[in-house]
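Enquirer: following is a predicted model, sequence given first.
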Amino acid sequence: VNFVTLGDTQDRSDRGLSTTSERMTEIERVAGVLKYDEWDIALPGAEYHLRLDAMPGVDLIAALERGSRLSLEAVEPTVVLLPSPLSYNQDHRAVAEAALTALRPMATADREPVEVVAIFEEVADQWTPHPEVAPNLFVSLERHDVDAKLAAMRAYASQVRPHPHTRSLEALENMAVVRGAHSGLGFAEAYRCVRWLG
């Protein structure tokens, strides 16, 4: 998992400041809960965090393509999941746009195209002035998968909010229920598939 940036944030909560070290510890906990093989922070620090939209696009694209330990070039993934380019979060939008460029369809002698590119959703992605892009890929979840997602969110404690916030545990579970209903399942995750080479 390539976390593109990490830094201090002034959260709109009773807690106030969420520090880089606190969030790093939380990411380590999440990685343990979800059993990541590896993870990295491509661009850590205040000069990048919540400022990726001000960074030259070519630099952000280069960081994703080859500038970090878990870059596309280093990992050669078969599946890449991106945040929504319609997110209200400026860093999410910048990463989505840069990643779509980095994943452009071009096969070269040393690089095959990534087989699956999809945009994941967050409950908060509905807060946008843009028309909602309907998901076209649903992945079935079992109860234990939903429980693992909730455990991971609990581990990322500085980001959890009480219901009815979009980052509440209830909202996360309810999204899985709604996407399950949309696809005839008990629970599901929904994605916007950009590329599927089968």
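Expert: Arrived safely, thanks for sending. Numbers count the residues shown, from 1 in each chain.

Enquirer: which residues outside the one helix or strand Leu43 maps to are in contact with it?
Expert: Assigned by DSSP states H and E, Leu43 belongs to strand 40-44. Around strand 40-44, the neighbours that count as contacts under C-beta atoms under 8 Å, 6 or more residues apart in numbering are 1-7, 20, 24, 49, 52, 60, 63-64, 67-71. Quick note: C-beta positions are derived from backbone N, CA and C, even for glycine.

Enquirer: C-terminal to the helix-or-strand element of the chain with minimal mean pLDDT, what's the next element?
Expert: When each helix and strand of the chain is scored by mean pLDDT, DSSP states H and E, strand 9-10 comes last, with a mean of 78. The helix or strand immediately downstream of strand 9-10 is strand 17-18, counting by DSSP H and E.

Enquirer: which other helices and strands does that next one contact?
Expert: In this structure, strand 17-18 packs against strand 9-10, with contacts taken as 3 or more C-beta pairs under 8 Å, 6 or more residues apart in numbering; DSSP states H and E.

Enquirer: the strand it packs on: how far from the chain's middle?
Expert: Averaging C-alpha positions (C-alpha atoms, centre = their mean, to the nearest Å) puts strand 9-10 19 Å from its chain's average.

Enquirer: what's the answer for stretch 112-122, then?
Expert: Relative to the chain's own centre, stretch 112-122 is displaced by 11 Å; criterion: C-alpha atoms, centre = their mean.

Enquirer: contact partners for Arg154?
Expert: If you count contacts by C-beta under 8 Å, 6+ apart, then Arg154 has 160, 169 around it.
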